Each structure stands twice: as C-alpha cells, then as structure tokens.
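Engineer: Coordinates for the following, if possible.
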Amino acid sequence: MASTREPRRSVVPDLVELRESLGLTQREAAMLLEVAINTWARWERGELGVHPERARQMRRLQQLVERYGQSPLWGLGVAGLRDVLDGMTVPEALDVRGLDRYGALKRVS
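Structural biologist: Predicted structure coming up:
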C-alpha cells in the first residue's frame, strides 16, 4: 500500500510568497536563516516542520514586509535583513547601508 503523506501545514506565512516578497532566492533565504538550502526547500514543500525559532524569524520578516513594503527590504539584502533579525531597526539598517526609506541609495549633496 502506497503512502499518501499530506504536506504539513506551516506555522508561518506562505514561505514562497514571503521569500519572493523579500526578493530572495531559496539559497539567499536559507543563508538568511542560517539553514541548509535543502531544509528551506523542504519547508516550502511542506515536507519538514519549521523550528520554532526560525518560525519566529519568518513571522518577523512577514511583519516587516507588511509594515515597510517590499522596496526598502529588497535594498537591505541578506546581510541587512540578518541585522534586522538580530535586533537592528529597519531605518537603522537602511541608514548604515546609505539607503533612504525606500531602499534606494541616498543622494549625496
């Protein structure tokens, strides 16, 4: 008898949608959360449960997308998003990288 295993329901927002809203590839998303790319891919397919700490980080990212929109977060890249997950505010992370509130390079006067 063949096994018909249903995908697990995720405790986080749709991972593909979240990743794409941040402008990240699977590899970049995996780097951001410091997991193997295969782990991220299995999360997206619902084949593997998400560790509670990683789920918390993903919910935080979703909240950031809802609050700031996609553009400023795209500008931060993986390193900037990592700083935000580690406690830096989005405006601080943008400023450190010379970006305005829309994620574009600040104009030098």
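Engineer: For Glu47, see how far away the nearest residue to Leu32 once chain neighbours are set aside is.
Structural biologist: Distances taken as CB to CB, 6 or more residues apart in numbering place Val78 nearest to Leu32, at 5.1 Å, with adjacent residues excluded. C-beta coordinates here come from the backbone N, C-alpha and C atoms, glycine included. Val78 is 24 Å from Glu47, where distance means CB to CB, to the nearest Å.
Engineer: For the residue nearest to Leu32, grab the count of nearby residues.
Structural biologist: With neighbours defined by other CB atoms under 10 Å, the count for Val78 comes to 17.
Engineer: Tell me, what's the model's pLDDT at it?
Structural biologist: With respect to pLDDT, Val78 has a value of 89.
Engineer: what packs against the strand or helix carrying it?
Structural biologist: Per DSSP states H and E: Val78 is located in helix 70-85. If you count contacts as 3 or more CB pairs under 8 Å, 6 or more residues apart in numbering; DSSP states H and E, helix 70-85 packs onto helix 26-32, helix 52-68, helix 90-96.
Engineer: Out of those, which gets the lowest mean score?
Structural biologist: When these are ranked by mean pLDDT, helix 52-68 comes last with a mean of 89.
Engineer: buried stuff in that helix?
Structural biologist: For helix 52-68, the neighbour count (16 or more other CB atoms under 10 Å) marks 54-55, 57-58, 61-62, 64-65, 68 as buried.
Engineer: Likewise for stretch 94-101?
Structural biologist: 94, 97, 99.
Engineer: now swap in stretch 86-93 and tell me
Structural biologist: Neighbour counts over stretch 86-93 (16+ other CB under 10 Å) mark 88, 90, 93 as buried.
Engineer: Quick one: distance of that stretch to the chain centre.
Structural biologist: Relative to its chain's centre, stretch 86-93 lies at 14 Å (CA atoms, centre = their mean, to the nearest Å).
Engineer: got the CA positions of that stretch in PDB?
Structural biologist: Output of stretch 86-93 as PDB, limited to C-alpha atoms (Å, rounded to 0.1, in the frame of the first residue of the first chain):
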ATOM      1  CA  ASP A  86      19.400  40.300  15.200                       C
ATOM      2  CA  GLY A  87      17.800  43.500  16.600                       C
ATOM      3  CA  MET A  88      18.600  46.400  14.400                       C
ATOM      4  CA  THR A  89      15.600  48.500  13.300                       C
ATOM      5  CA  VAL A  90      14.900  48.800   9.600                       C
ATOM      6  CA  PRO A  91      15.600  52.500   9.500                       C
ATOM      7  CA  GLU A  92      19.000  51.900  11.200                       C
ATOM      8  CA  ALA A  93      19.900  49.100   8.800                       C
END
